[in-house]
Structure formats: C-alpha cells, structure tokens
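**Q** From the sequence below, what's the structure:
(one chain, ligands or ions: 1)
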Amino acid sequence: MSPLNFTHILTQAVDELSESESYKGLFHQHKDGEPLPSAKVLYEIIELSRSILFPGYYGNSTINSRTINYHIGVNVEKLFDLLTEQILAGLCFSTSIEGKCNVCSDSKREEAARLAAKFISKLPTMRKILATDVEAAYNGDPAAESYGEVIFCYPAIKAISNYRIAHELLELGVPLIPRIITEMAHSETGIDIHPAAKIGSYFTIDHGTGVVIGATSIIGNNVKLYQGVTLGAKSFPLDADGKPIKGIPRHPILEDNVIVYSNATILGRITIGHDATVGGNIWVTENVPAGARIVQTKAKK
Ligand SMILES: CC(=O)OC[C@H](N)C(=O)O
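**A** The predicted model follows:
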C-alpha cells in the first residue's frame, strides 16, 4: 500500500472520530471549548497535598525546620492555583447547560478560588486527623516499626489521605473532583473509599487490598479493617423509569472501636455496635450488638 492510501485511511478515521454526532453526549460535555477536569493535574494536586500534609515524606526529602516555611509556602501557592482551575472545571462540568458554558464566568472563577482557599484552610486540621490514622496503623500492626515507615509504605495512608482530601472537597460542594481523587487512590492501592462515606479519626486498614467502603457508610472512631472487607449495599430499588434511586442510605454503620477481619462482607444499612469484632470471610446482613464477636461457624463432625 502506498503512503497515499494510508493517508486516506487515517483522514477518514479522523473525520469519523471528529464528527460531532459520534463523540458528543457520551464522550464530551455539551460545552464547546470549556475545560474538563484533568487527571494529570489532579495527580499533581495530590502530590502537592501529600507533601504539605507529610513534609519530607512526599515531595522534597531534604526539608528541615529552617526551610519548611519556604517549602510549604511554595507548595500552598501552587496548590491554590492548580486547585482553583480544577474546581472551576468541576463546577462547569456539573452544570447541565447545553452549548457554550456561560457559568464559567469571572464569578464562578471567584467561587472556585474561594473554595480552594477554604480547602487549604482545612489542611492543618486534616493533618491532625491523619496523624491519628498513622498512629492507629502503627499501634494496630506488630509489623510496623515506626510512624515514618507507616507514612512511607502503608497503602492505607495513601488511600485515607486521598479520602480525607476528597471528603473535604465534597463537603465544600465541589462536584466530580472528589470522586476522581478517591478513584486515583483506588487504582494506586486497591482500596476503594467513596468520598461521601463518613469516617472518624484513628482509622486504619491493614494491608488494604480489595477494601470497599460504599458511599453512605458511616464509620466511627478507632475502627480497624483488614484487606478485602466490603461495606456494601444490597440490591437497590428502581424508580418508575427503571433507573436506580440515588441517595438512599444503604451501607453499614460501624460504631467506635469495631474491628472487621479480612474478606468479611457487611451489607445493607445495618449497625455493627461499638466494640464488636467481625471475623474473617463472613457475610453480615443483620445488626451486630455492641461488644459482640461474630465468627464463621466451625465445621462439626
Ligand atoms: C459498595 C457498594 O455497595 O457498591 C454498590 C453501589 N455502587 C452502591 O453504591 O450502592
């Protein structure tokens, strides 16, 4: 085949792929020229947030007490700029206006900047809560030799950090971006925490792989999960058009001091009472009383 023939094939493919009926609706917001959120920039935002929350462990490793102010200052400045743009893209994405988006105006940009600043003002409190998560991971695992090791190595810290960042953005009313951030941690760690879940302090997940925490889950303080635990929903009701009804509380509530061992599946809006222990590899679809210890039935002769 001559190069000319290739050109024809490629041109035809480009034309077909660019034809608006082919990509509009499913693959693009109906807002010509407006920016979509950028996964690449959101990765950078997470790296910056982690380097601000855990200075030295992420980002520049040579930070010391004389230079920390400069590092944090530069990173906060950069975070503010990048986050403002991504929040703006999220706000524009969520508005269902056909055609050119006229909400991405100066006032929307100002709102995005206000939300980014508000988010940054929450970082000191977030760091305090994350410190309790690090402590919980260290105290909950004889294999952990230092807090530093936990921060460097434990997937739970990465997933919980992304979750706490995403949850804060969700609370501020930022659309879409929070979900992208927790799904980034899902890809990175195998731990899937929905940003809308509510999780108290001193939370840890040992090993982590395969953990799923659904959107309406509520987790108290000092809760420990092991790998493979699912806090899930049962089958969901449909509306008159056969579409899932959104927003129904459908995931479990775990009260304070609960431990759930590996691969336990806890389904539906049930409550696992405080100080209860759920053994590994079991299905739980009914409330568990406070202080109870439920385990898989042993085989009998
Ligand atoms: C974790 C889980 O239950 O997932 C099922 C579905 N995504 C839902 O939120 O209902």
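
**Q** contacts, neighbours, all on C-alpha from now
**A** Fine.

**Q** Phi first, then psi, for the residue most central in space within the chain.
**A** Closest residue to the average C-alpha location of the chain: Thr182 at 2.0 Å, with Cα atoms, centre = their mean. The phi/psi pair for Thr182 (degrees, to the nearest 10) reads phi -70, psi -30.

**Q** Surely it is in contact with Ala197?
**A** No - the pair Thr182 and Ala197 fails to qualify as a contact (Cα atoms under 8 Å) at a distance of 11.1 Å.

**Q** about what we covered before: let me see the contact set for the residue nearest to the centre of the chain.
**A** Shown in contact with Thr182 (Cα atoms under 8 Å, 6 or more residues apart in numbering): Ala159, Asn162, Tyr163, Ala166, Asp192, Ile193, His194, Pro195.

**Q** Check the residues you listed and tell me the two furthest apart.
**A** Ala166 and Asp192 (12.4 Å; Cα to Cα).

**Q** Go through the one helix or strand in the chain whose mean pLDDT sits lowest and flag the buried ones.
**A** Ranked by mean pLDDT, DSSP states H and E, the weakest helix or strand in the chain is helix 20-23, scoring a mean of 76. Of the residues in helix 20-23, none count as buried by neighbour count, 16 or more other Cα atoms under 10 Å.

**Q** Need the CA coordinates for it. PDB is fine.
**A** What follows is helix 20-23 as a C-alpha-only set of coordinates in PDB (Å, rounded to 0.1, in the frame of the first residue of the first chain):
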ATOM      1  CA  SER A  20     -19.900  15.600  16.400                       C
ATOM      2  CA  GLU A  21     -22.700  13.100  16.400                       C
ATOM      3  CA  SER A  22     -20.000  10.400  17.200                       C
ATOM      4  CA  TYR A  23     -18.500  12.000  20.300                       C
END
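
**Q** Tell me which other helices or strands whichever helix or strand comes after it touches.
**A** Downstream of helix 20-23, the next assigned helix or strand under DSSP states H and E is helix 39-53. Contacts defined by 3 or more Cα pairs under 8 Å, 6 or more residues apart in numbering; DSSP states H and E place helix 39-53 against helix 68-94, helix 123-139, helix 177-189.
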